[in-house]
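1. fold the following.
(chains A and B, ligands or ions: 4)
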Amino acid sequence: MSADWVSVCGVDAIEPGMAGTVPVDGADEIAIFHTSGGAFYALVNKCPHKGGPLSQGIVHGDSVSCPLHNWRISLLSGQALGEDKGCTPTIPLKIEAGQVWLDRAAILARAGA
Amino acid sequence: MNRQTSIPALRHADAKERLVVIGNGMAGCRAVEEILALEPDRWAITIFGAEPRVNYNRIMLSPVLAGEKSFDEIVINSAEWYSDNGITLVSGDPVVHIDRAAQQVVSRAGRIESYDRLLIATGSDPFVIPVPGKDLPGVVTFRDLDDVETMLAAAEASSKAVVIGGGLLGLEAAHGLSLRGMTVTVVHLMPTLMERQLDEAAGYLLKSELEARGMTILTGADTAEIVEIDGHVGGVRLKDGTEIPADLVVMAVGIRPNGALAKAGGLEVERGIIVDDDMVTSDPAILAVGECVQHRGACYGLVAPIWEMCRALAAGLAAQPKGYSGSVTSTKLKVSGVDLFSAGDFSGGEGCEDIVMRDAARGIYKRVVVRDDKVIGVVLYGDTQDGNWYFDLLRQQQDVSDIREALIFGQAFAAGGALADPNAAVAALSDDAEICGCNGVSKGKVVACINGGAASLDAVRAGCKASASCGSCTDLVERLLALTLGDAVEESAKTICGCTSFGHDDVRRAIVERGFRSIPEVMQELHWSTPDGCSKCRPALNYYLLCAWPGEYVDDQKSRFVNERLHANIQKDGTYSVVPRMWGGITNPRELRAIADVVERYDARMVKVTGGQRLDIFGIRKEDLPAVWADLNAAGMVSGHAYGKSLRTVKTCVGSEWCRFGTQDSTGLGVKLEQMSWGSWMPHKFKMAVSGCPRNCAEATIKDFGVVCVDSGYELHIGGNGGIKVRATDLLTRVATEEEALEHCAAFVQLYREDAWYLERTAPWLERKGLAWIKAQLYDDPGAVKALASRFLYSQQFMQDDPWAQRAAGDRADLHSHVGRITAGPPPGGARLAMEPAE
Ligand SMILES: Cc1cc2nc3c(=O)[nH]c(=O)nc-3n(C[C@H](O)[C@H](O)[C@H](O)COP(=O)(O)OP(=O)(O)OC[C@H]3O[C@@H](n4cnc5c(N)ncnc54)[C@H](O)[C@@H]3O)c2cc1C
Ligand code: HEM
Ligand code: SF4
Ligand code: FES
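-> Numbers count the residues shown, from 1 in each chain, chains lettered A, B, ... in the order given. Ligands and ions are numbered 1, 2, ... in the order given. I've put the predicted structure just below:
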């Protein structure tokens, strides 16, 4: 079954190298990252370590350094990189018509969690 | 696809089938050529074109604008081609209606044409940003020959042009207009030119090159309005208020597939006209091709995919379907003298490995992205010779594990299979082979230097200068060290991080001596091994540049830790704490009331008196920060920088004004120190204190800079620290007057700012350099204190701008708001998601 997409913002809303946040009623906030290389990723805005808001970290390459204790998290897989272990859920995302779209089912799955 | 064959043939038995083409452009005409090649006699063809001319090579409009080609040279299909192939060309008369039931099209002039098959190739429309003044005479897009003619006429008659959009089209327009003698400013919304095709590093090189040619490039610039003068374009005003005079404004911000006609005709259209792999639309009698289509979710803006589409279209039409499966595209910029190539995906991702090569001397940047032993993306600047080779590897998904080591050096090296052990290759170099191009050091000299006792990279750099400038030969020098000394090689002083072979001092010196002005420039010139650094080096470079070029360098928010970006302290639950400045620890009823109000209004969960004599308000959400600051500002309070690598607090005791032991006005001096130094960025946090007598109630001797007042004046102490490792200060000197105390403080702070490594507090810095060194810097030269202090005060002019007031006034609202919000209402019939606009 093909994914059911919900558009959240325009691609221009997030400067490359930064992240934007999308609160979800009754579920975890989502962070949308725009890397300086131009890629977009969406993750639950929570570090696997102690829940730090990843959206506020420094974005470099395809990873983000958590603002609380500097764990490095892969934007693609949500996995902690290097010595650290843990994983943040990723949300399928696509770019179309100048908009960022998130997978509705994945968001609902989080809402159910 | 058998949808096509279900169309009943409505024509006379021996008459040709009628093919009508809408769009006399690159895709339409190419499709006809492909169709004629497969089935020369099947169709009676009519082509409608909105433009009053034959088909020409649209991509060559750029060289026409630049004066490098004439229109005649770029015509693809001459009038003879149409007549030789029996094609009816209806030019200058666009189709305005498709009647699918009757299988007819109607042109603007009223011409009606029936079809058995219709082919839509309407290309795209330039996107025009909806700002006031967009329709003024003098505003043009860049899409067809008429646009070029308008621009050429403007270039004859006037002198200044603004190009909105720093993508491929915009830059080619800017280049052309600049060759035609106009003064050109490019206004680009994003921070990086051609951000879709280039990474930050290549974007920087391109920008420098275009600036060197006299263009002005404004990035991060958002157009607010096109200004009118006497009914004509007069200039462009940006959202930040900047106004750029212009007689011509070129809008080149992007294109939109032109699917309007198809949509009105009832075809399925999303971003573009939806087609299947044989380029058939939702109506089996209608095909579409070119920029106007959307295939498997993708729309294209380049010609290469169009050629592939046209082949698939003709094959499908001739009932020998081949199917089009999408394209990987590559881009080259057609600006003479600028070599730029980009293809595939270089935004990286899991398991991606970046291979980066930079040659600062020759202005070269190459980056190849490899995943699972395959090339998936490439960006080349300055040397694009191997572009096609990489593009081939990429498209064919070739396994590159065998040539991985030499991949970045290009085909000549890698494909030769001459992959000798790199150590052996270095060993084989002759003694006079040049190792370091910057300083002209031969292999013989490097080896001699090593044999003379230089056992580390640093020692070699110091001894013979090899690899001491741009660092691109570091690898060679390290191999020579290994070959000469084996295991006896010593580790060098620590580098900033894994992205570079240079240490903090090297980088700081290079920034000042070689005048580097931006992070991408430092990374390029010093051969960073990653495309955009990491969370260690970015903040360090940002600080070093800020310190070196006060008033000139623009702070890079992306390279700031969250606290400094949001001007508040992040707490473990993701909320923030806010500490307003209380000069010298003094407050008053008005400030206290404002703080109390904020605590109640924004539900702050705690207020705490800090060790630095301030009030800390806890539990503020990032969205509320600007409003909190506005309230605090209104009571006269500014940012306390409790979040920054910057001056934090000046703690004071009550001193001679109240205390029976006080020898001087410690509170007054504390306030003056704080007013002098607030807002300055430092290598690390910086705390001060002033005690009114040696009883030292303000604990001045565990501060970065502490003053202890005595009867004869002021004792100045430095390098103290509380925290994990407590260190008491060292006495720097004694001075007699407040003015001197202030001046010495400014000088010491500046010395620390200019010399220490990023994230090095004064205590470890002092221990690393030695008290004697610091004293020597300040006092050996009698003018040194004054010189350092005046550099500090000069830089402070630009720093003492309350960041809270800027944010409260709406600056960088994006940092404080959500980009969207998802509300999951549980309506009957299952869960639903609704979107609300961002707050
Ligand atoms: C200045 C410039 C430089 C470029 N440089 C490059 C480059 O370096 N490399 C690259 O790969 N690509 C480049 N491109 C893009 C390339 O030109 C396009 O991808 C290509 O032209 C698209 O072909 P098309 O047939 O789909 O559209 P077009 O070539 O635009 O043809 C569509 C035609 O349909 C006509 N039309 C539209 N509506 C109607 C209607 N209702 N009735 C009749 N006719 C209609 C239009 O007037 C137009 O003539 C460049 C484009 C421009 C403008
Ligand atoms: C006879 C000796 C002393 C007297 C009369 C004295 C008096 C005072 C007074 C009046 C204050 C209030 C100052 C203010 O409002 O800022 C004060 C604060 C303080 N004193 Fe002393 N003091 C003495 C010795 C000491 C000593 C020996 C220490 C410890 C080293 C000390 C540590 C402090 C501290 C930590 C403060 C609080 C400073 C702050 O506000 O953070 N005092 N003292
Ligand atoms: S340091 Fe000296 S002057 Fe200041 S409060 Fe303490 S005793 Fe009084
Ligand atoms: S919460 Fe992210 S590193 Fe600790």
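2. contacts only, for A:Gly38.
-> Residues near A:Gly38 by C-beta atoms under 8 Å, 6 or more residues apart in numbering or on different chains: A:16, B:195-196, B:199, B:347. C-beta here means a position set from N, CA and C on the backbone, and glycine is covered the same way.
3. so it: helix, strand or coil?
-> coil (DSSP: H, G, I helix; E, B strand; the rest coil).
4. what's the spacing between it and ligand 4?
-> 25 Å (C-beta to the nearest ligand atom, to the nearest Å).
5. and the pLDDT for that residue?
-> At A:Gly38, the model reports a pLDDT of 85.
6. how close does it sit to B:Gln320?
-> Note on A:Gly38: its distance to B:Gln320, by C-beta to C-beta, to the nearest Å, is 39 Å.
7. circling back: let's see if you can find the most crowded of the contacts of A:Gly38.
-> The most crowded member of those, judged by other C-beta atoms under 10 Å in any protein chain shown, is B:Asp199 (30 neighbours).
8. which helix or strand contains the residue in chain A that ligand 3 sits nearest to?
-> In chain A, the residue found nearest to ligand 3 is A:Leu68; the distance is 37.5 Å by C-beta to the nearest ligand atom. Assigned by DSSP states H and E, A:Leu68 falls within no helix or strand.
9. pLDDT below threshold where in chain B?
-> Applying pLDDT under 70 to chain B flags the ranges B:1-14, B:347-350, B:412-422, B:424-425, B:437-439, B:469-472, B:492-493, B:824-839.
10. which phi and psi does the closest residue to ligand 2 within it have?
-> Using C-beta to the nearest ligand atom, the single residue of chain B nearest to ligand 2 is B:Cys697, 3.1 Å away. With angles defined as degrees, to the nearest 10, B:Cys697 sits at phi -60, psi -20.
11. for it, give me its contacts.
-> B:Cys697 makes contacts with B:653, B:691, as judged by C-beta under 8 Å, 6+ apart.
12. lowest-pLDDT helix or strand in chain A?
-> Among the helices and strands of chain A, helix A:104-112 carries the lowest confidence by mean pLDDT, DSSP states H and E, at a mean of 70.
13. how about the nearest residue to B:Asp41, chain neighbours excluded?
-> In space, and not counting its chain neighbours, B:Asp41 is closest to B:Lys16: 7.4 Å by C-beta to C-beta, 6 or more residues apart in numbering or on different chains.
14. contacting residues for that neighbour?
-> Neighbour list for B:Lys16: B:41-44 [criterion: C-beta under 8 Å, 6+ apart].
15. do that again at 7 Å, thanks
-> B:42-44 (C-beta atoms under 7 Å, 6 or more residues apart in numbering or on different chains).
16. same thing with B:Ala728?
-> B:701-702, B:720.
17. all strands of chain A, in order?
-> Taking DSSP state E to define them, one finds strands in chain A at A:5-10, A:18-24, A:27-34, A:40-44, A:58-60, A:63-65, A:72-74, A:90-91, A:93-96, A:99-103.
18. what lies in contact with the shortest one?
-> Right, strand A:90-91. Against strand A:90-91 from outside (C-beta under 7 Å, 6+ apart): A:30, A:42-43, A:77-78, A:102-103, A:106-107.
19. what pairs with that strand, parallel or antiparallel?
-> strand A:40-44 (antiparallel) (DSSP bridges).
20. and the partner strand with strand A:5-10, angle?
-> Here the directions of strand A:40-44 and strand A:5-10 differ by 110 degrees (axes from the mean of the first three to the mean of the last three C-alpha atoms, to 10 degrees).
21. so for strand A:40-44, what gets flagged as buried?
-> A:40-44 (16 or more other C-beta atoms under 10 Å in any protein chain shown).
22. for chain A, what is the nearest residue in the stretch 401-550 of chain B?
-> B:Ser535 (3.7 Å; C-beta to the nearest C-beta).
23. report how many residues lie close to that residue.
-> 21.
24. which pLDDT value goes with the residue nearest to the residue of chain A closest to ligand 3 when sequence neighbours are not counted?
-> By the measure of C-beta to C-beta, 6+ apart, the closest residue to A:Leu68 outside its immediate chain neighbours is A:Gly52, 3.4 Å from it. Confidence at A:Gly52, expressed as pLDDT, is 91.
25. re the thing from before, confirm the residue of the stretch 401-550 of chain B closest to chain A sits in a helix?
-> No - checked against three-state DSSP, B:Ser535 lies outside a helix; its state is coil.
26. surely it touches A:His60?
-> Yes - B:Ser535 lies in contact with A:His60 (C-beta atoms under 7 Å); the separation is 5.9 Å.
27. residue of the stretch 201-350 of chain B closest to ligand 3, please.
-> Taking C-beta to the nearest ligand atom as the measure, the stretch 201-350 of chain B has B:Asp240 as its residue closest to ligand 3, at 47.6 Å.
28. who touches that residue in this structure?
-> For B:Asp240, the contact set (C-beta under 7 Å, 6+ apart) is empty.
29. is it in a helix, a strand, or coil?
-> coil.
30. quick check: it vs B:Gly810, distance?
-> The gap separating B:Asp240 from B:Gly810 is 11 Å, by C-beta to C-beta.
31. and for B:Asp230?
-> 33 Å.
32. those two: who's more crowded?
-> Taking other C-beta under 10 Å, B:Asp230 and B:Gly810 do not tie; B:Gly810 has more neighbours (9 against 6).
33. for that one, which non-adjacent residue is closest in space?
-> Excluding the flanking residues, the one nearest B:Gly810 by C-beta to C-beta, 6+ apart is B:Pro626, at 7.7 Å.
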